[in-house]
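> Provided below for reference: sequence and predicted model.
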Amino acid sequence: MTATKFNITEAHRITGKSRTTIKKHIKQGKLSAEQDDNGNPVVDASELARCYNVSTADFERASASSKSTAGVQTSGGQPAGQLTSNMQQLLDSEVRLRQRLEQQLDELHEVLKRTQEGHERAMRLIEDRSQTSSEWEKPLKALQAQVANQEKAHQKFRELAHKRIAKVQQELEQERSKSWLVKLLSRE
């Protein structure tokens, strides 16, 4: 049967957090704990799962580890094979914990490396832009001159169009001012 309450050392084995961190979280109220019959803090399994996102396998590993450790401490007449088996289980769990921590460390190194590369790329871009700003000025000025020339051409076109519209309006007014008799005779 798996225990539901764990002391600080067992919580350390389950979560991989240091004993100091666990004690600090209890003191800060991030992790709730009770006291056992001897006045030592014990943490419920549900609290460990809530705060540290541990799995059932973590609890089983810690339970097996504490059983093997308890067997080594209490029975001095234990056969050498069983003592070796218990020590091997404890060693295996510590090796798995170390591998998990090394994997997390490798992942963190990779993240740090990518972050540094991104920072270096950004710095190179900033340096390139400050050095090449004069290279952009010539094409920009040429583009501005081209736009100004096009605006002048459009302005001339608008002026011509307004003159033509005024001329057509004038002709229309002249046509309207003619009498109906003049209009009739001019059609023939």
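Cool, got the structure.
> the strands in this structure, which residues?
5-7, 34-35, 41-44 (DSSP state E).
> List the buried residues for the longest one?
Neighbour-count burial for strand 41-44, counted by 16 or more other CB atoms under 10 Å, picks out Pro41, Val42, Val43. In this view, the C-beta of every residue, glycine as well, is placed from N, C-alpha and C.
> one step back: any chance of JSON lines for the strands of the chain, columns mean pLDDT and distance to Cys51?
Listed next are the strands of the chain as JSON lines, based on pLDDT from 0 to 100; distance: least, CB to CB, whole Å:
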{"stretch": "strand 5-7", "mean pLDDT": "90", "distance to Cys51": "12"}
{"stretch": "strand 34-35", "mean pLDDT": "94", "distance to Cys51": "15"}
{"stretch": "strand 41-44", "mean pLDDT": "93", "distance to Cys51": "9"}
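> CSV please, covering those and showing distance to Glu60.
What follows is the strands of the chain, written out as CSV (distance: least, CB to CB, whole Å):
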stretch, distance to Glu60
strand 5-7, 12
strand 34-35, 22
strand 41-44, 16
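> and of those strands, who's closest to Lys17?
Proximity to Lys17 (CB to CB) singles out strand 41-44 among those, at 11.0 Å.
> Just checking: what are the partner strands of the closest one?
Strand 41-44 has the following strand partners under DSSP bridges: strand 5-7 (antiparallel), strand 34-35 (antiparallel).
> What lies in contact with the longest one?
By CB atoms under 8 Å, 6 or more residues apart in numbering, the surrounding residues in contact with strand 5-7 are Ile14, Glu34, Asp36, Asn40, Pro41, Val42, Val43, Asp44, Ala45, Leu48, Ala62.
> Go through these and say which is closest to Lys167.
Nearest to Lys167 out of these is Leu48 (CB to CB; 92.7 Å).
> which residues touch that closest one?
By CB under 8 Å, 6+ apart, the neighbours of Leu48 are Phe6, Ala11, Ile14, Thr15, Leu31, Val54, Phe59.
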